[in-house]
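A.B. asks: sequence and predicted structure are below.
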Amino acid sequence: MTDRLHALASMHCRAGAPRLPDDELHAELAHLPGWTRAGDRIEKTFRFPDYYRTMAFVNAVASIAHREDHHPDLEVHYDRCSVAWSTHSAGGITQNDCICAARVEALAS
């Protein structure tokens, strides 16, 4: 885990976070392995050997979302889960999304 990824994962979401400028978002994505920008959100698909492990991951992501009061869009299948973060109130991607992506990344590693 890179120092920046670790730093992001240890931060907490804050209300009213502004949309990240493209250059800052690009810099943050460089520290979030496998995460990509898709329009106004960042996303990644995680793969698992079976449904049980997929659901365990989904529940762990839900716990992160609940603690941070910041909720992703999840697409759940038998052996994979796609996670997408966006801050609708800011009209795009904020540091809160990067923080939560880093926490999910730490969970998966």
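C.D. replies: Ah, there it is. Numbers count the residues shown, from 1 in each chain.
A.B. asks: burial check on Ala65, number of neighbours?
C.D. replies: A count of nearby residues for Ala65, using other CB atoms under 10 Å, gives 19. (Each C-beta comes from the backbone N, C-alpha and C, glycine too.)
A.B. asks: over to Ala30?
C.D. replies: 12.
A.B. asks: would you tell me which helix is longest in this protein?
C.D. replies: helix 51-68 (DSSP state H).
A.B. asks: tell me the mean pLDDT over it?
C.D. replies: Average pLDDT, helix 51-68: 98.
A.B. asks: can you map out the strands along this protein?
C.D. replies: Taking DSSP state E to define them, one finds strands in the chain at 36-37, 42-47, 73-76, 80-85.
A.B. asks: strands paired with the third one, and their directions?
C.D. replies: Sheet neighbours of strand 73-76, with direction, are listed as strand 80-85 (antiparallel) (DSSP bridges).
A.B. asks: ok now the longest helix of the chain, how far from the chain's centre?
C.D. replies: 12 Å (CA atoms, centre = their mean, to the nearest Å).
A.B. asks: equivalent analysis for stretch 101-109, please.
C.D. replies: For stretch 101-109, the distance to the chain centre is 8 Å (CA atoms, centre = their mean).
A.B. asks: picking up where we left off before, helices or strands next to the longest helix of the chain in the packing?
C.D. replies: strand 73-76, strand 80-85, helix 95-108 (3 or more CB pairs under 8 Å, 6 or more residues apart in numbering; DSSP states H and E).
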